[in-house]
Structures are given as structure tokens and as C-alpha cells.
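K.L.:
make a model of this:
(2 chains)
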Amino acid sequence: MNRSCFRRRATALAVVGTLGGCAFSNDTQVEIVDYDGAQQTFAFQVATVKTFRNEVPFGQDPVGEPEPTVELPYSPNITNLKGIHVEIRGGGSFGSNLCGGAGATNMTREEFYAANILSEPGPVEIQYNVNPLGVAVASDHDSMFLLSTYTHFDRVRHFFRSTLGDDSRATTTLVVAVFDTEAAVGCRAPWGGGPSLPILIADNAAYAGQADMFVLLRNTFSTATPPGVEFGINPGIIAHEFGHRLFAQNVYFSDAAFRRLVVDTYGSVEDQAKQCEDQTEDDVDDCAISAKLLSGMNEGTADIFAYLYIGTPDFLLPFSFPASELEQRDMAAAPSGEEGLHLYEPVPLLAKEQGWNHYRLGTLWSRGFRAGIVDPRSGAELGSNEEEARVAAAREFHGRALLRALREQGEDFVVNFRFEPRQLVRRYLQQLGQPQGGITPHSNVKSAACQALCDRFGDMPITPVDRAGFPADAQCAGFTGKNLKTEVTFPCTL
Amino acid sequence: MHVVTRVLGLLAAGAALLAASSVGAETSSPRAAKVTQQRSSSSAEPAPEVLTSPSEERRPFDVDVDLLGGVLGIPVPANKQLFTPDRYVGVRLGGRYRVWKLRLGGEAAARSTMAANIGGPPGPLAPLAAPFSMQSVRQSNQLALGGIAGLELGRMDFFVEPFLMGGLSTSMRTLLYTLPAQLPTLRPHPTVGGYLGAGFSVGLRPIFFRMDVLTDVEVGPPPFTTRVFQAQYNLSLGLRL
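P.N.:
Predicted coordinates for the structure are as follows:
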């Protein structure tokens, strides 16, 4: 907020009890919780936000770069946290259609509302004071949380738009994040309407691809998270969740072709979700296993994007996560730590043959990505003490290649919705051989990535799952889906 | 809602006492006294003694002091259906003049909420929440000054006094955050506003019990974006001196 203008208004208010016409710039200073890189901890910091809008319908706002200049009247619309690119909402619920698998990802937010699977979150109303320096300071905890969340999402979106050059809907459509909501699961009932068995009400953050919404929950029951920065104000976690949006919007919605294919094939997105559960369909296992493997690569991709944004291999996860889980996610963990990464480890709680611990697959992918980063121009390898240079190289080149690979993967799905992790790896390696962001890569760029990824994927031992009636064969890396695309020639056998 | 139901119940009880008291009041009115006197003279019997409170006759001006406790509800920014409850204790001092059966006066109150961790879930889940390693603690102190208009009913030293109240208030809400590896951060937020409420007192002099419900609206300094809509439920025990 413009400080001098604020003072003039305060004076005017005191003298004549009215507010005059004083135009403010669109720079609004807010106090948020943010990571202090110098102190290596979280602290209150003043941030400048340029994107609060004042009752301008979203469709009328420019979404490209550079950021638009908006002249705001006296009080920018901070109260409801509606911005040009980001909007924070509260309450309501979102649903995960257990019948859906990956197909549920194709339901839009509007479709979920129409199906009564979601109840629409409402506007928030934060409280804040403006201190003598013109900084908006939240006057209760939730307001501080929401203001911080807004700012982090705004920054994250801007980063992926401007630094990595993403042009998908992930960075060109409104980012909606919902606080204090409720996650429920179930199937759409025959008589209409949705689930709702609440299963997730606290201690997490998520991207609900079905609804294209970010979900931020309170820290409630978790005591094992020292020092326990709340998920929704940890920029590393927000960047991870935003990575899921990048993944979904680039893979599924690049030109909506995949969505159209699903509708053409199955009649509607809801029916497609049903097909995935229908054991009489030929492609049941393809669908389910593809979805699970895709989820694993999705998690790894989100970790990669968080790494690119934060710049550290743990992307600030230790500030919010129990230490016991960190060794599975930290990209800089010793290679020996990967020995415990059983790709297809069953998760007993899910008790379905497609229920695997897909996060471990994601960690293989993210570690391989990081380990394969070299200087894109010279091809020089980067040592363990050159993290800053590694991150810079990845932001300049490898991240862009990954975004393009996701697009290519989406196009592959238009041809055939069958997934095996090495499909995405292959697309990524292909993109590393192409110019990205005006840089023609050194030949060692692809070679280094090939080596790192083939170390993890090319010769990966796969333990077939012993399921009666489904003998293991070579399809889908040991799985038995009847229609799985067989990767007979993996292009990276160094 | 439970508290409101109780308040309504007690108000109903007050109304019943009001009806009972009206009979007594009629008996003690001048007209009634005259009729009584006429009857007395005609029957040559002594006039009955009118039952009035000796305390009332002695005290046209009362001083009330009471200790109060209650719950202060503050809306949740992310969900307008929810409130976070802050328990508080306080003290109130007031004076009242009797004008006919009205008790008119003023009173001042000071309330302090207990420091409460507000990062957790509101509503029924609140008691289940674990202590956080990232603490957000809220504590607020309020001073209120206002007027009160009551209608005192009763017999002897027993009284029931439904009343309306209103006035000005100012609060200082202080937030304490403990972030990782950092000293606690304090953020004070002053607000000013007013309140309106209703309730009743019931007691046997000099002791009384008081219950009231009030809405307190306060705003922070310009641009007035801190808006505190408080619903307060007070229960107090006091002395009428």
C-alpha cells in the first residue's frame, strides 16, 4: 500500500471524517510467514503483492506477463483475497471419486458441483490492520495463514509462468485454493449426489485435480512434525502442490484432446470412472495400474517442480514433515537410500491390487532428474557442492524440457491411455536433446540424464505381483494388463 | 444455542415473577392502599402491612459489583458458519438509581480472555486437537463503559431485574506466534466499538446472579479492516451494595 497516501487518508479521516479520492498503486505490502534463506528458518517478512484486484471479473484481467498495472482505490481488495491470478476461498468440501482412478481427473470443478460431489467453498474474509509503515498485518491466525498462502501461490504461479515459461492452464487460469475444507470419498450414488465420508480434514495440503482446486488443511492432530510449519504456509509444499497442477494441466488439458477422447470412448467422464471399476471390461487393469503408476510419476514431478522453485533438494519439507518420511523424498539422499525404494510395494490399507506406494516411484524419478542435471551449455557436470548452479541450470533448461515432456505425454494419451513410467522418462530425454528457452544443449546434457535415469529405471528390478489368475509377463513392467503398451525398446540403454 | 435456551428460560421465569410481583404492586399502590383503608375503616380492622423491601427503602442508589465469566465468539475468516470461542473472566462495577421501578445507571467492565491456541480447528474438533509445535496464541483484554436500564421486580429482599444495556468498548487483541527457531512474535491489534445487550439479574440482597448476552462490534484503526464481531455470553455473581 502506498504509505504516503495511507497517511494522507488517515489524516483526512481524523480531520474531516471522510475519505477522499486518493489513487493507490497496485503495490500492496503485507506481512506473511516466509522462509528466510539467510537464517535458514521461517520468519515474519514483509512482501509486496501486485496482484490484488478490486472487483474486476477474472476474465477481464490480463494473465500474461509482465504483470498488469492496476490502479486501486483506497483499500485494495485484500479482505476477500481475490487476486488477478489467485483466489483464496474457505469451507465447503471437495470429493474424490473412488470409482474414478485417473478418469476422475477429467471432471471439472463445475461438473463436480453439478453432481453434488462438491459443495462450493465460499469467500474468505480476513482481518488485518495497516501499521504506520503501510504494511497490512493480519490480526488473527487464520488471516495470517490465508494472507501468507495467497502470497506464496501468487509467487509460485509467477515463477513457473515467467521462469520456466509454462503456458498451460496451470499458470494462465485462476488458481483457487480452499482453506478449512473437507475431503470426502465415495462414488456418485445412483440417485445422484456424491459421497460423503470425510477422510481428510486436517494435517495436509493437496491439489484436487478433479476440481482443479488446492486444498489447505489445518495442522490439527499432528504432533510429530517438529518444528511444524503449517503446510499451507510452507512455500515448498505449495510449490509441490502447484507442481501437481502443472502436471495435470499439461498432461490432460493441453488442448483438451485427452478429455474429448475419454468422452468419445466412454460417453461421459462419470461413465469413464465407472468403467475403471467394472471388472468385466477388458481394460480394467490397464486403467487402474496406469493410473497408479501415473500417480507415482505425478508425485515425483511435483517434487521436481518444488525443488526448482525452492532451490534445495528437500524443498523445505523438513519444516513440516516428520523426519521418518523425509528420507523417502529428499532428492539429495545418498543413493544407498534408494535400495529401500520398492517401487511396487503394496499398501495394505488400500487392499486393492493397484494400491502401491507410488510416492517411492516418484522419488526414483525426482532423484534421477536431479542427478542428471549438468550445465546445458558446456555439458559440465556439477558437484555436490554446486547446488546453486544445478538449480540455475535446471530452471534455465531442464525444467522447460520437463514441461514439454508432460505435453508430449498428454499427446501419447490421446493415442492410447496406457502408462508405464518409462514413457515419461523417454519423452523427457527426447526433450533434453532439443533446444529449450533459446539454449541449444550440449550433447552431454542428454547423456548425463540418460545415465542417471537408466541407473534407476533402465535396469530396475521389478517384482511381479502374485495375483491368482494374473501371471506376470513382460507387459507393463511385469504387470499383466491386457492392453498395456509394451516398451520393447527403451531408448536409453547406455 | 444451549446458553440462549437457558437465557430464554430464565427470562421466562423472570416474567412469571413479574406477574406475581404485579399483584403485590397493585396491593401496595396508593389506590389499593386507599381501597384497603376504606375496607379497613368500614370493618374497623387495622390496615394490613404493605410488604416492601427494607433494603429498597433504605437504598435509592445501589452499587453493583460482580465477577463475570463467559465465552466470546469470534468469526472464523475462512468459514462464516464457524466461530472460535475465547473464554474470559472479568469484573464489572456499576451504579443504579431508582426511578419508579426503573433502575437506571451506568457500569464499567473489564474482561480478559484466557490465552488460547487458535491455530487449530474450530468447533467440535477443537478439544481433540493436539498441541502444535507452531503456536498461535490469542489473548485479548477489553474495557467497556456503558449504561443500563433495568426494571426491578421483587418482594422483600428478593429481586428480579431484566435489563437492557449498551455502551462503548475498546479491546487490545494480542497474537503470539512461535515460528521455528525464532523468538515469539507479538502482534497487538487495538479495536474500538460498542455493544448492545440484554439480560437479567436475580438475587437476594446483597447477593445476585446475573446473566446477559451482548453483541460487541469493534473495528481497528483505518482502514478499519479489522472488524471484531463478538458475541459475548456473560454469567456473573455479584454484590448489590
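K.L.:
going forward, measure contacts and count neighbours with C-alpha atoms only.
P.N.:
Fine.
K.L.:
what's around the residue in the stretch 251-400 of chain A positioned nearest to chain B, how many residues?
P.N.:
Residue nearest to chain B within the stretch 251-400 of chain A: residue A:319 (8.0 Å; CA to the nearest CA). When neighbours are defined as other CA atoms under 10 Å in any protein chain shown, residue A:319 has 23 of them.
K.L.:
what does the one 3 residues further on give?
P.N.:
For residue A:322, the number of neighbouring residues by other CA under 10 Å comes to 17.
K.L.:
same question for residue A:437.
P.N.:
Considering only other CA under 10 Å, residue A:437 is surrounded by 14 other residues.
K.L.:
quick one, phi psi at residue A:361?
P.N.:
phi -60, psi -40 (degrees, to the nearest 10).
K.L.:
one more: the one 4 residues further on?
P.N.:
Main-chain torsions, residue A:365, degrees, to the nearest 10: phi -70, psi -50.
K.L.:
repeat that for residue B:235.
P.N.:
Backbone geometry at residue B:235, expressed as degrees, to the nearest 10, gives phi -120, psi 130.
K.L.:
what's it in contact with, if anything?
P.N.:
Listed by CA atoms under 8 Å, 6 or more residues apart in numbering or on different chains, the contact set of residue B:235 reads B:68, B:69, B:70, B:209, B:210, B:211, B:212.
K.L.:
kindly confirm my reading that the last one forms part of a strand.
P.N.:
Yes. Assigned with DSSP: H, G, I helix; E, B strand; the rest coil, residue B:212 falls within a strand.
K.L.:
can you pull the phi and psi angles for residue A:173?
P.N.:
On the backbone of residue A:173 - angles per degrees, to the nearest 10 - the values are phi -120, psi 160.
K.L.:
just the helices in the stretch 51-200 of chain A please.
P.N.:
In the stretch 51-200 of chain A, the helices defined using DSSP state H, counting those that start in this stretch lie at A:109-114, A:141-162, A:169-172.
K.L.:
the shortest one packs against which elements?
P.N.:
In this structure, helix A:169-172 packs against helix A:141-162, helix A:235-251, with contacts taken as 3 or more CA pairs under 8 Å, 6 or more residues apart in numbering or on different chains; DSSP states H and E.
K.L.:
could you tell me which residues of the stretch 301-450 of chain A lie near chain B?
P.N.:
Within the stretch 301-450 of chain A, no position is near chain B by CA under 8 Å from any CA of the partner chain.
K.L.:
between the helices of the stretch 51-200 of chain A, which gets nearest to residue B:143?
P.N.:
Nearest to residue B:143 among the helices of the stretch 51-200 of chain A is helix A:141-162; the distance by CA to CA comes to 22.9 Å.
K.L.:
deepest of the helices of the stretch 51-200 of chain A, which one?
P.N.:
The densest packing among these, expressed as mean neighbour count by mean count of other CA atoms under 10 Å in any protein chain shown, is seen in helix A:141-162 with a mean of 23.
K.L.:
out of the helices and strands packed on helix A:169-172, which is closest to residue B:169?
P.N.:
With CA to CA as the criterion, residue B:169 lies closest to helix A:141-162 of those, at 22.7 Å.
K.L.:
ok, residues contacting the closest one?
P.N.:
Counting contacts by CA under 8 Å, 6+ apart, the residues outside helix A:141-162 that touch it are A:30-34, A:47, A:49, A:51, A:65, A:81, A:85-88, A:125-128, A:137-138, A:166-167, A:171, A:175, A:179, A:232-233, A:235, A:238-239, A:242, A:309, B:76-78, B:118-119, B:136, B:175.
K.L.:
on that earlier part again, got a markdown table for the helices and strands packed on helix A:169-172, with mean pLDDT too?
P.N.:
As requested, these are arranged in a markdown table below (pLDDT from 0 to 100):
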| stretch | mean pLDDT |
| --- | --- |
| helix A:141-162 | 94 |
| helix A:235-251 | 93 |
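K.L.:
please produce TSV containing the ones you listed, extended by distance to residue B:63.
P.N.:
Formatted as TSV, the helices and strands packed on helix A:169-172 follow (distance: least, CA to CA, whole Å):
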stretch	distance to residue B:63
helix A:141-162	40
helix A:235-251	57
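K.L.:
out of those, nearest to residue B:164?
P.N.:
Of all the helices and strands packed on helix A:169-172, helix A:141-162 sits nearest to residue B:164, with 33.7 Å by CA to CA.
K.L.:
so that closest one versus helix A:235-251, what angle?
P.N.:
Direction vectors for helix A:141-162 and helix A:235-251, defined by axes from the mean of the first three to the mean of the last three CA atoms, to 10 degrees, enclose an angle of 50 degrees.
K.L.:
so where's chain B uncertain?
P.N.:
B:1-58, B:120-134, B:180-182 (pLDDT under 70).
K.L.:
skip the chain neighbours and tell me the closest residue to residue B:194.
P.N.:
Sequence neighbours aside, residue B:168 is the residue nearest to residue B:194 in space, at 4.0 Å (criterion: CA to CA, 6 or more residues apart in numbering or on different chains).
K.L.:
helix or strand right after the helix or strand hosting that neighbour?
P.N.:
When secondary structure is defined using DSSP states H and E, the element that contains residue B:168 is strand B:158-178. On the C-terminal side of strand B:158-178, the nearest following helix or strand under DSSP H and E is strand B:185-204.
K.L.:
pull that following strand out as PDB, backbone CA atoms only.
P.N.:
Taking C-alpha atoms only, strand B:185-204 is exported to PDB below (Å, rounded to 0.1, in the frame of the first residue of the first chain):
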ATOM      1  CA  THR B 185       6.500 -12.700  17.800                       C
ATOM      2  CA  LEU B 186       3.800 -10.500  19.300                       C
ATOM      3  CA  ARG B 187       1.300  -8.600  17.300                       C
ATOM      4  CA  PRO B 188      -1.100  -6.300  19.200                       C
ATOM      5  CA  HIS B 189      -4.300  -5.100  17.500                       C
ATOM      6  CA  PRO B 190      -6.400  -2.400  19.100                       C
ATOM      7  CA  THR B 191     -10.100  -2.100  18.300                       C
ATOM      8  CA  VAL B 192     -12.800   0.300  19.400                       C
ATOM      9  CA  GLY B 193     -16.600  -0.100  19.200                       C
ATOM     10  CA  GLY B 194     -19.700  -0.500  21.100                       C
ATOM     11  CA  TYR B 195     -22.100  -3.100  22.400                       C
ATOM     12  CA  LEU B 196     -25.700  -3.800  22.900                       C
ATOM     13  CA  GLY B 197     -27.200  -6.500  25.100                       C
ATOM     14  CA  ALA B 198     -29.900  -7.700  27.400                       C
ATOM     15  CA  GLY B 199     -30.100  -9.900  30.400                       C
ATOM     16  CA  PHE B 200     -31.400 -10.200  33.900                       C
ATOM     17  CA  SER B 201     -30.300 -10.200  37.400                       C
ATOM     18  CA  VAL B 202     -31.800 -12.300  40.100                       C
ATOM     19  CA  GLY B 203     -30.900 -12.200  43.700                       C
ATOM     20  CA  LEU B 204     -31.500 -11.900  47.400                       C
END
